[in-house]
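*Asks:* Here is the input, now give the coordinates:
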Amino acid sequence: SHQPDKQWQQEQEPNLQKLGSRLAAGLVIGTFTGVLASRRASRNSFSRPWRKTWVRAQAEAVEVLTTAKIKDAETLPPEEPQDEHQLIVFLVAAAYVIWQMDKVNMSIAILPMAADFSWDSSEQGIIQSSIFWGYAATQVIGGLLATRFGGKRVLLFAVALWSLATMLAPNAATVSTEVFIASRVLVGIGEGLAPAAGLRMVATWVPEAERSRAVATLGAGKTGGSIAGLLLAPVVIGAFGWQAMFYSFGVLGLFWAAVWWVKGQDREGSVGASGDQDIPWFPILSTPPLWGVVVAHFCHDFGGYALLTWTPTYLNKAMGYDLTGSSELTVIPSVCAVAVAAMAGTAADHLHANGMSLTTVRKIFQSLGFFIPCLMLGLLANMSDVEPGSVMPIILLTVGIASGACSYAGLYSSHADLSAKYSGIVNGVSTTFGALAGVCSNAYVGYALKATDSNWALALFLPSIGLYLVGWLVYLVLYDATPIDWDKETNSTGDATVEST
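*Replies:* Alright, predicted model coming up:
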């Protein structure tokens, strides 16, 4: 029985239309800059060093990056027709675009929906965190299912599930807030299955010599999906209402599923390969360096997800920005993070190639990924009497969020350091805790805003700083990049044995 707030839409429509043009320009500039950078990086477009740098430049692409290094002789025949595996990579990358669009759209839709349903900040926090409940629950499960049943079926199920749940969201919201939350949990369950399934397709179809570029393509899909979602959501909402955003994004996912049903296929002999292999869970889970990565991942993603989700609301409610300003801010750090990750990856490779130990390299860049955001958030927490529309909060937030991408040369590259064979398992465990950080941070910020009468320093900035410092200390003490042979530990006594390097 709830109706959209027509007056709100009419007031915001000019700003939403303005957003489309500004974000489109930003996307074109970011893409053009990336092309120029790639051409300057190497005269040979198939240069392996450039592929490695470009892989690390993809924001939030670590799920596919680390696991793609698994050597699976049963699923990597030496030759394969180019057109076939390139089509698979393209379709998987398209799924990643839709995945990220459906993840970020709620940060825009929450504003008109909160007006329609009278959600306070505490309820908004629960709603924003609900997608991470499902996402955290299916990270490891997705890897096991994809290995057992093949990437095609798992990815098809994942995309169909989250797309249907997205389309049901408007009707769910009219029933009750609890039913709407359940629909967002279903979206998260589907999205949690996607990374491992997509990786399985790439790992089984693409030859090792070309896999870095394929992984980079998936990473670009994730980054592009975040930008596209933040670009399209306010335009669709301004023109047709927030309900249309859910319907259109859901239909897009179902269209992809139909194409995938016809064109997608598992590599012959890959389904069920290694599915019955015992995994040395106890040696893996009892390794101190793994928990150094896990704790750092949780602490880093606590602040990262909170900023991603609550930045539009902060600028809109606290700083007087309209939806245009809020959405631009969410897009600009994503574009800047790609550049920061590329520079961090290049510098990390250079330092390691010139004799610096990999452990030291990881700790240097993870320290940057924690300390620069701490500084920026500390300045934000102490800002007072800021004029509405001031550019300073945007600058501080952009630098703080983008500098966190140094972590792609730090903790997000650490999963494969510990074990190439089990990097998928390590990444699944670590990412599960990262998703739990999204649950905790979004729920906490919403509750704290209500309890403190919208004190953003206590609700968002200071807790993130505290956890960044905890994550940095634990990572510094526990992490060691020396590879570990967990299989040898299973077959012998004593601690996990270090592989010879």
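
*Asks:* Only C-alpha atoms from now on, for both contacts and neighbour counts.
*Replies:* Will do.

*Asks:* low pLDDT regions in the stretch 1-150 of the chain?
*Replies:* The model of the stretch 1-150 of the chain has pLDDT under 70 over residues 1-83.

*Asks:* same question but for the stretch 351-500 of the chain, I mixed them up
*Replies:* Across the stretch 351-500 of the chain (using pLDDT under 70), the flagged ranges come out as 388-389, 416, 420-421, 423-424, 489-500.

*Asks:* quick one, strands of it?
*Replies:* All strands of the stretch 351-500 of the chain, identified by DSSP state E, counting those that start in this stretch, fall at 484-485, 497-498.

*Asks:* partners of the first one in the sheet?
*Replies:* In other words, strand 484-485. Paired strands of strand 484-485, with direction, are strand 497-498 (antiparallel) (DSSP bridges).

*Asks:* What are the buried residues along the helix or strand that contains H297?
*Replies:* If you go by DSSP states H and E, H297 is part of helix 288-313. By 16 or more other Cα atoms under 10 Å, the buried positions in helix 288-313 come out as 289-313.

*Asks:* What's the local residue count around the closest residue to Y444 other than its chain neighbours?
*Replies:* Leaving aside its sequence neighbours, Y444 sits nearest to G125 (Cα to Cα, 6 or more residues apart in numbering; 7.0 Å). Neighbour count for G125, taken as other Cα atoms under 10 Å: 26.

*Asks:* and if you look at D120?
*Replies:* Neighbours of D120 (other Cα under 10 Å): 14.

*Asks:* Repeat that for L252.
*Replies:* Applying other Cα under 10 Å, we find 13 residues neighbouring L252.

*Asks:* Quick check: it vs S163, distance?
*Replies:* According to Cα to Cα, to the nearest Å, L252 and S163 sit 8 Å apart.

*Asks:* again with A93
*Replies:* Going from A93 to S163 by Cα to Cα gives 16 Å.

*Asks:* With neighbour numbers in mind, choose between those two.
*Replies:* More crowded of A93 and S163, by other Cα under 10 Å: S163, with 30 against 24.

*Asks:* what about the more buried one, which helix or strand?
*Replies:* Following DSSP H and E, one finds S163 within helix 151-175.

*Asks:* Only the buried residues of that helix, if you could.
*Replies:* Applying a neighbour-count criterion of 16+ other Cα under 10 Å, one finds 151-170, 172-173 buried in helix 151-175.

*Asks:* quick check: angle from the next helix or strand after that helix to helix 151-175?
*Replies:* Per DSSP H and E, the first helix or strand lying C-terminal to helix 151-175 is helix 177-205. Using axes from the mean of the first three to the mean of the last three Cα atoms, to 10 degrees, the direction of helix 177-205 lies 170 degrees away from that of helix 151-175.

*Asks:* and helix 177-205, what does it pack onto?
*Replies:* Helix 177-205 sits against helix 62-67, helix 82-104, helix 121-137, helix 139-149, helix 151-175, helix 211-240, with contacts defined as 3 or more Cα pairs under 8 Å, 6 or more residues apart in numbering; DSSP states H and E.

*Asks:* Please identify which of those is closest to D453.
*Replies:* Nearest to D453, of all these, is helix 121-137, at 9.8 Å by Cα to Cα.

*Asks:* So which residues make contact with the closest one?
*Replies:* With contacts defined as Cα atoms under 8 Å, 6 or more residues apart in numbering, helix 121-137 is touched by 103, 106-107, 110, 114, 181-182, 184-193, 309, 431-436, 438-450.

*Asks:* Weed out the non-buried ones from those residues.
*Replies:* 103, 106-107, 110, 181-182, 184-193, 309, 431-436, 438-450.

*Asks:* what number of residues lie near G198?
*Replies:* For G198, the neighbour count with other Cα under 10 Å is 28.

*Asks:* If you could redo that for N455, that was the one I meant.
*Replies:* 16.

*Asks:* Distance-wise, check the residue nearest to it when sequence neighbours are not counted relative to L458.
*Replies:* Leaving aside its chain neighbours, N455 sits nearest to L449 (5.9 Å; criterion: Cα to Cα, 6+ apart). Separation of L449 from L458 (Cα to Cα) stands at 8 Å.

*Asks:* One more: M383?
*Replies:* 13 Å.

*Asks:* These two: which is more packed in?
*Replies:* Set M383 next to L458 and count neighbours by other Cα under 10 Å: L458 wins out with 15 against 12.

*Asks:* hang on, isn't that one packed against A448?
*Replies:* Yes. Using Cα atoms under 8 Å, L458 makes contact with A448 at a distance of 7.4 Å.

*Asks:* Need the residues that contact stretch 178-187.
*Replies:* With contacts defined as Cα under 8 Å, 6+ apart, stretch 178-187 is touched by 127, 130-135, 161-163, 165-166, 168-170, 172-173.

*Asks:* For E268, report the pLDDT, please.
*Replies:* At E268, the model reports a pLDDT of 70.

*Asks:* Quick check: it is in a helix.
*Replies:* No. E268: not assigned to a helix; according to DSSP: H, G, I helix; E, B strand; the rest coil it is coil.
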